[in-house]
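Enquirer: Below are the sequence and a predicted model for it; my questions follow.
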Amino acid sequence: MNAHTALVDRYFDTWNETDASRRKELIAATWASDATYADPLLSAQAHDGIDAMIRAVHERFPQHTFRRTTAVDSFADRLRFSWELSTPEGVSIIKGSDFGQVDASGRLQTVTGFLDEAPAAA
């Protein structure tokens, strides 16, 4: 597994972590301290903002999980990958593609997400 794939898999571990302390550890290991995230529905800056965003997603979609659905395509400090959010029963309800930039220390500097499939109420 290459470093970018390991980073993206840790990104999904972060999104799926419900324990606040463990999630903060994962955020610190995965994201640059001044990182940014943006998609059509959410945005966040820095570790505290990313944690609050993920916590809000857990509140809106309890026991749902994210998973990567494609290989991580990368070059230099850029990467892209697709994902899905599934219900506790395993039904995919939202699909998307994310594009990221990695900082010099190998952590996510920016992530921009696009929704490929989503219900109207997402």
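Expert: Ah, there it is.
Enquirer: where does the chain have low pLDDT?
Expert: Low-confidence segments of the chain (pLDDT under 70): 1, 121-122.
Enquirer: Just the strands from it, written as ranges.
Expert: Secondary structure of the chain (DSSP state E): strands at 31-38, 43-45, 65-68, 73-75, 78-86, 92-102, 108-117.
Enquirer: what helices or strands is the last one leaning on?
Expert: Packed against strand 108-117 by the contact rule (3 or more Cβ pairs under 8 Å, 6 or more residues apart in numbering; DSSP states H and E) you find helix 3-16, strand 31-38, strand 92-102. Bear in mind the C-beta positions are built from the backbone N, C-alpha and C, glycine included.
Enquirer: Try it again at 10 Å.
Expert: In terms of contacts (3 or more Cβ pairs under 10 Å, 6 or more residues apart in numbering; DSSP states H and E), strand 108-117 is packed against helix 3-16, strand 31-38, strand 43-45, strand 78-86, strand 92-102.
Enquirer: go on, the fourth one?
Expert: Applying 3+ Cβ pairs under 10 Å, 6+ apart, one finds that strand 73-75 contacts helix 3-16, strand 78-86, strand 92-102.
Enquirer: again, but for the third one
Expert: For strand 65-68, the helices and strands in contact under the criterion 3+ Cβ pairs under 10 Å, 6+ apart are helix 3-16, strand 78-86, strand 92-102.
Enquirer: so which of these gets nearest residue 40?
Expert: Evaluated over the helices and strands packed on strand 65-68, closeness to residue 40 peaks at strand 92-102, with 9.3 Å, by Cβ to Cβ.
Enquirer: which parts of that closest one are buried?
Expert: By neighbour count with 16 or more other Cβ atoms under 10 Å, strand 92-102 contains the buried residues 94-96, 98, 100-102.
Enquirer: Closest one of the residues you listed to residue 119?
Expert: Lowest distance from residue 119 to the buried residues of strand 92-102 (Cβ to Cβ) belongs to residue 94, with 7.4 Å.
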